[in-house]
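Trainee: Next one to model:
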Amino acid sequence: MGSVTRRSYSQYCGLARALDLVGERWMLLIVRDLAIRPRRFGEILDGLPGLGTSLLSERLKNLEDDGIIERAISGKGRGGVVYRLTARGKALARALQPLAAWGAMFLDPTKADTFSPDWLFFAIRSAFHPEAAAGVHGCYEFCVDNEITFWITVDDGDIQITQKRPRKPDFTLEVALSDLGGIASGQLKPKDLFEQGRATLRGDRHAADRALALFGAGRTPSAKVSSELPQHQ
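Mentor: Numbers count the residues shown, from 1 in each chain. As a prediction, the model looks like this:
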């Protein structure tokens, strides 16, 4: 199959150029998944239902040609080639986090969309406010829908998410996925989880309130952002 000519906006603008590179369907979702961990071709394909092998090959080639991803030999398990983000790709992944936090405001928990725990962890990172976590040290256990258990460790603005218990948690929170999404999107306040009986807490309530306050789109007031936009004359 011959190479496909890529379309361009032909604008001298950083945003337009970014869209030239990663604006095609599936591009950013591939970057999202590789931001979580390096993956083999088949793992990428399995994680993105609806994406075919030919199109994935094309997208990976474009990302590789543009220096956003690279191939490497995996040192784990059966080895083989994996795709991983380059430094340029990691910078893109960081730029995606506020976009993901913005998109979370439009999630509909009633829709039967495809879901992966990895996407939940990416969403949590996107909703995390490191500046609010300066000086905060804690370990928090979450059990979501009685199916997914993970631990968040915060150390002075740094966040780590793991499905292996790193140390004794300050609290354990049993919560529905839709309510956790409500916290991340800013549609639900942390105190509502407890006052409305929407979650079960074991451990330090103060630590839970403080931890949940580190997440959520509601920490960024949209009115302030709007007031800083230039006005059209």
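
Trainee: longest helix anywhere in this structure?
Mentor: Scanning the chain for the longest helix, with DSSP state H as the assignment, gives helix 87-103.

Trainee: for that helix, packing partners?
Mentor: Packing contacts for helix 87-103, counted by 3 or more Cβ pairs under 8 Å, 6 or more residues apart in numbering; DSSP states H and E, involve helix 27-36, helix 117-127. The C-beta positions use only the backbone N, C-alpha and C, and glycine is treated the same way.

Trainee: Columns mean neighbour count and distance to Gln11 on top of these, output as CSV?
Mentor: What follows is these, written out as CSV (neighbours: other Cβ atoms under 10 Å; distance: least, Cβ to Cβ, whole Å):
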stretch, mean neighbour count, distance to Gln11
helix 27-36, 20, 18
helix 117-127, 19, 27
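
Trainee: What strand or helix carries the residue lying closest to Lys168 once chain neighbours are set aside?
Mentor: Spatial nearest neighbour of Lys168, chain neighbours left out: Cys139 (7.0 Å); criterion: Cβ to Cβ, 6 or more residues apart in numbering. Taking DSSP states H and E as the criterion, Cys139 maps to strand 137-144.

Trainee: Can you mark which positions in that strand are buried?
Mentor: 138-144 (16 or more other Cβ atoms under 10 Å).

Trainee: do the same with stretch 52-67
Mentor: Neighbour-count burial for stretch 52-67, with 16+ other Cβ under 10 Å as criterion, is recorded at 55-56, 58-60, 62-63, 66.

Trainee: Distance of the residue nearest the centre of the chain relative to Glu58?
Mentor: When Cα atoms, centre = their mean is applied to the chain, the residue found nearest the centroid is Phe122 (2.2 Å). Taking Cβ to Cβ, to the nearest Å as the measure, Phe122 falls 24 Å from Glu58.

Trainee: With Leu48 instead?
Mentor: 14 Å.

Trainee: what do the two both touch?
Mentor: The contact sets of Leu48 and Glu58 do not overlap (Cβ atoms under 8 Å, 6 or more residues apart in numbering).

Trainee: And stretch 98-105, what's buried?
Mentor: Neighbour-count burial for stretch 98-105 [16+ other Cβ under 10 Å]: 100-101, 104.

Trainee: Please write out the alpha-carbon positions of that stretch in CSV.
Mentor: In CSV, the C-alpha atoms belonging to stretch 98-105 read as follows (Å, rounded to 0.1, in the frame of the first residue of the first chain):
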residue,chain,number,x,y,z
PRO,A,98,-5.7,19.6,30.8
LEU,A,99,-7.6,18.7,27.6
ALA,A,100,-8.7,15.4,29.2
ALA,A,101,-9.8,17.3,32.4
TRP,A,102,-11.8,19.7,30.2
GLY,A,103,-13.4,16.8,28.3
ALA,A,104,-14.4,15.1,31.6
MET,A,105,-17.0,17.8,32.1
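
Trainee: what is the residue nearest to Lys168 paired to in the beta sheet?
Mentor: Cys139 forms beta bridges with Thr153, as assigned by DSSP bridges.

Trainee: show me the contacts for it.
Mentor: With contact set as Cβ under 8 Å, 6+ apart, Cys139 has these partners: 151-154, 166-170.

Trainee: Now flag whichever of the residues you listed is closest to Glu24.
Mentor: Distance to Glu24 across the contacts of Cys139 (Cβ to Cβ) is lowest for Ile152, with 33.1 Å.

Trainee: rewinding a little: using TSV, please lay out the buried residues of stretch 98-105 together with distance to Arg84.
Mentor: Shown next, in TSV, are the buried residues of stretch 98-105 (distance: Cβ to Cβ, whole Å):
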residue	distance to Arg84
Ala100	20
Ala101	24
Ala104	26
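
Trainee: With that, I have no additional questions.
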